[in-house]
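*Asks:* structure for this input, please:
(2 chains)
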Amino acid sequence: MATLRSIKRRIASVRSTQQITKAMKMVAAAKLRKAQNQLLSARPYAHELDGVLGHIAGTLRKGSHPLLERRPVKRTLFVVVTSDRGLCGSFNANISRRALQEYAACASQEKAVLVIGRKGYDYLRLREVLIAAHHLDFMHQLQFADAQRIALQLQNGYIQKKYDRILIIYNEFKTAVQQQIVVEQYLPIQPVVSPEVKFPVGFIFEPSPRRILSQLCPLSLNVHIWRILLESSASEHGARMTAMETATENAADMIKELVLYYNKARQAAITKELNEIIGGSEALHG
Amino acid sequence: MDKTYSLEIITPIKVVYREQVIHVKAPGAAGYFGVLHNHAPFLTALKVGIIEVRAPSGLRLFATSGGFCEVMENQMRILVETCEAAEDIDVERARVSRDRALARLQERAENLDYSRAQASLARALNRLEVVNRP
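*Replies:* Residues are numbered from 1 along each chain as shown, chains lettered A, B, ... in the order given. Here you go, the predicted model:
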């Protein structure tokens, strides 16, 4: 049986771990709130922008903009958005595994992956996957310029015909305790042409539709990446908060068990001592 | 009573304005334009300039740095990178950035990003103008 002292030490160690996970949970909660606010304010803009793009693309014929052009798919690029830091449950494992599945299932002649986030990079570079590029260590302080940089790289890849299709795999933020992995086509742009909005004749464009498109497409792509980074970041903090919450609870359970065990051991030790004393005194009388 | 239609001004940071309005004047790519009730469907790029909104509750001014504007079925959506109400503008900051941009343009440095400095100047001047308007 473990000695009383070693059990006591165990309890202390679990307790200090619990304190750490509790603190991490609080930090994650604060960061989540910030990320969530940012995300919720970016969503309407992204949504409306897609709407405008859909309207204008509905009036135009094919070949109006290189980023809208659809080519036979020979080369596919997967963009995988993960986090830089761990301790967020199965967040990174899930998305990396899903990326691997999609990659394996893809029938293109050539395929490659662009990884965002250190955790995904560490996972995927050890697998049989061609990594075209990676972007690490900027998730803790997201800036629009980061999104722009990545979007530009992707657009150039598409225009230079390095890739015929670009898919993004990321975690969409549902609630603090729920994320959903989404696979979305990034390029070519698929305008959302809503069927219920009847397209009016005589839409006035200023300047020409083509000119507007050439401004609108890159902007929409930048905002798209920006939104995805925010989604992923909010999801990450949510996942971490949940994971740390669970860890704290588990630690509490463990402490409870250890305390019980400790008390039993203490009682057993006292009983044993008593027995010894009684046995000793009886021996004297006898 | 003037007929109203709905206006939304949205930036990547937040929804700046969402209300029923009577008339909007905005800086289109081809010059300022006005929109009243039952305007024809219209899509335009916006330049740096001032958005003037006339609502039943009164007149409001916003400084914007450009974006897009769509009018469809009595709904006007203005999607811009930045949009500040006249009363929210930090005059001191606008002045500083105006002076900085001017200084940069006058320096004629080798590595000067001319269009960027000019755009920055235009934004600063625009902010100051919207504040100084009666």
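
*Asks:* please enumerate the strands of chain B.
*Replies:* B:5-10, B:15-21, B:23-28, B:31-35, B:42-46, B:49-55, B:58-64, B:67-72, B:75-80, B:83-85 (DSSP state E).

*Asks:* could you dump these to TSV with distance to residue A:208 and mean neighbour count?
*Replies:* All C-beta spots, glycine's among them, are computed from the backbone N, C-alpha and C. Shown next, in TSV, are the strands of chain B (distance: least, CB to CB, whole Å; neighbours: other CB atoms under 10 Å in any protein chain shown):
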stretch	distance to residue A:208	mean neighbour count
strand B:5-10	24	20
strand B:15-21	28	16
strand B:23-28	13	20
strand B:31-35	16	15
strand B:42-46	10	20
strand B:49-55	20	20
strand B:58-64	22	18
strand B:67-72	14	23
strand B:75-80	19	21
strand B:83-85	25	20
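
*Asks:* what's the closest of these to chain A?
*Replies:* strand B:42-46 (4.0 Å; CB to the nearest CB).

*Asks:* got the strands of chain B as CSV, with distance to residue A:215 and mean pLDDT columns?
*Replies:* Converted to CSV, these look like this (distance: least, CB to CB, whole Å; pLDDT from 0 to 100):
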stretch, distance to residue A:215, mean pLDDT
strand B:5-10, 17, 93
strand B:15-21, 21, 91
strand B:23-28, 13, 93
strand B:31-35, 17, 92
strand B:42-46, 6, 90
strand B:49-55, 16, 92
strand B:58-64, 15, 90
strand B:67-72, 8, 90
strand B:75-80, 12, 92
strand B:83-85, 17, 87
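
*Asks:* dump these into CSV; add distance to chain A as well.
*Replies:* Putting those into CSV (distance: least, CB to the nearest CB, whole Å) gives the following:
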stretch, distance to chain A
strand B:5-10, 5
strand B:15-21, 6
strand B:23-28, 6
strand B:31-35, 8
strand B:42-46, 4
strand B:49-55, 14
strand B:58-64, 14
strand B:67-72, 5
strand B:75-80, 6
strand B:83-85, 11
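
*Asks:* now those as CSV including distance to residue A:214?
*Replies:* Below are these laid out as CSV (distance: least, CB to CB, whole Å):
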stretch, distance to residue A:214
strand B:5-10, 22
strand B:15-21, 26
strand B:23-28, 17
strand B:31-35, 20
strand B:42-46, 10
strand B:49-55, 21
strand B:58-64, 20
strand B:67-72, 13
strand B:75-80, 16
strand B:83-85, 23
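
*Asks:* do you know which of these lies nearest residue A:104?
*Replies:* strand B:75-80 (39.2 Å; CB to CB).

*Asks:* now find how far off-centre that closest one is within its chain.
*Replies:* 11 Å (CA atoms, centre = their mean, to the nearest Å).

*Asks:* what do you get for stretch B:120-129?
*Replies:* On CA atoms, centre = their mean, the centre of stretch B:120-129 falls 11 Å from the chain's centre.

*Asks:* which parts of the stretch 151-286 of chain A sit against chain B?
*Replies:* Contacts of the stretch 151-286 of chain A with chain B, taken as CB under 8 Å from any CB of the partner chain, map to A:197, A:200, A:202-207, A:209, A:211-212, A:215-216, A:223, A:226.

*Asks:* which of these count as buried?
*Replies:* Neighbour-count burial (16 or more other CB atoms under 10 Å in any protein chain shown) is assigned, among those, to A:203, A:205-206, A:209, A:212, A:216, A:223, A:226.

*Asks:* so which of these belong to helices?
*Replies:* A:209, A:212, A:216, A:223, A:226 (DSSP state H).

*Asks:* before we move on, what SS does the residue lying closest to the third one once chain neighbours are set aside have?
*Replies:* This means residue A:216. With sequence-adjacent residues excluded and distances taken as CB to CB, 6 or more residues apart in numbering or on different chains, residue A:216 is closest to residue A:53, at 5.7 Å. Under DSSP: H, G, I helix; E, B strand; the rest coil, the three-state class of residue A:53 is helix.

*Asks:* how about the strands in the stretch 151-286 of chain A?
*Replies:* Using DSSP state E, counting those that start in this stretch, the strands of the stretch 151-286 of chain A run over A:165-175, A:178-187, A:204-206.

*Asks:* pick the most deeply packed of these.
*Replies:* Per-residue neighbour counts averaged over each of the strands of the stretch 151-286 of chain A give the maximum for strand A:165-175, namely a mean of 20 (mean count of other CB atoms under 10 Å in any protein chain shown).

*Asks:* how far out from the middle of the chain is it?
*Replies:* For strand A:165-175, the distance to the chain centre is 9 Å (CA atoms, centre = their mean).

*Asks:* quick one: strands adjacent to it?
*Replies:* strand A:75-81 (parallel), strand A:178-187 (antiparallel) (DSSP bridges).

*Asks:* among those, which is nearest residue A:27?
*Replies:* strand A:178-187 (18.6 Å).

*Asks:* what's the mean pLDDT across the closest one?
*Replies:* Here strand A:178-187 scores 90 as its mean pLDDT.

*Asks:* which intervals of chain A have sub-threshold pLDDT?
*Replies:* A:1-2, A:60-64, A:193-201, A:286 (pLDDT under 70).

*Asks:* returning to what we had before: you'd agree the residue nearest to residue A:216 is up against residue A:219?
*Replies:* No. Using CB atoms under 8 Å, residue A:53 is not in contact with residue A:219; the gap is 9.1 Å.

*Asks:* residues of the stretch 1-150 of chain A that sit close to chain B?
*Replies:* Residues of the stretch 1-150 of chain A lying near chain B (CB under 8 Å from any CB): A:41-42, A:44-46, A:48-49, A:51-52, A:55-56, A:144.

*Asks:* in the sheet, who's paired with residue B:63?
*Replies:* Under the criterion used (DSSP bridges), residue B:63 bridges to residue B:50, residue B:84.

*Asks:* next, the contact list for it, please.
*Replies:* B:49-51, B:82-84, B:86, B:89, B:123, B:126-127, B:129-130 (CB atoms under 8 Å, 6 or more residues apart in numbering or on different chains).

*Asks:* including distance to residue A:28, could those residues go into CSV?
*Replies:* Formatted as CSV, these follow (distance: CB to CB, whole Å):
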residue, distance to residue A:28
B:49, 43
B:50, 43
B:51, 40
B:82, 31
B:83, 33
B:84, 33
B:86, 39
B:89, 36
B:123, 37
B:126, 41
B:127, 38
B:129, 45
B:130, 41
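
*Asks:* with respect to residue B:116, which of the residues you listed is nearest?
*Replies:* When those are compared against residue B:116 (criterion: CB to CB), the nearest one is residue B:123, at 10.8 Å.
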